[in-house]
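>>> Sharing a model that was predicted from the sequence below.
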Amino acid sequence: MGKKKNKKFKLSHKPSISVAQSEQPEITGSISTDTLVTGRKVAAPNTVAADKNTELDAKYTYVRKDVTKLLIVIASLAIIFVGIYILGQQTAILSNIGNWIYKIGNFQLQ
């Protein structure tokens, strides 16, 4: 019976329109002719876009940090791989290291 009461309460309990309208933030920006007619301040389109960008920047700062860390790791791995490739082309050190690991590990080819 408790579940039915909760379902009925969720379906029937909706905030009134006046409460929803009073909770809306007032948009501020440049004053236009709409201000004189309605008494409300209307923001210019470029300030609204700037406000949305700052909200997104504040909301997703952790994503930006993670992406920068990921890019740094990928770039460093690319530099290491290019360095290993150049080292392998110029000298026989990598081949000697591979032969040494093969001897130490007693690997068998089958």
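That came in fine, so what should we check first?
>>> Which helix or strand contains residue 107?
Using DSSP states H and E, residue 107 is not contained in any helix or strand.
>>> Now do the contacts for it.
Neighbour list for residue 107: empty [criterion: CB atoms under 8 Å, 6 or more residues apart in numbering]. In short, each C-beta sits where N, CA and C put it, glycine included.
>>> Student question: in the protein, what's the helix or strand with minimum average pLDDT?
Taking mean pLDDT, DSSP states H and E as the measure, the helix or strand of the chain with the lowest value is helix 17-22, at a mean of 51.
>>> Not counting its own residues, what contacts stretch 78-92?
Outside stretch 78-92, the residues touching it (CB under 8 Å, 6+ apart) are 93-95.
>>> Show me which of these are buried.
Taking 16 or more other CB atoms under 10 Å as the criterion, nothing in the contacts of stretch 78-92 is buried.
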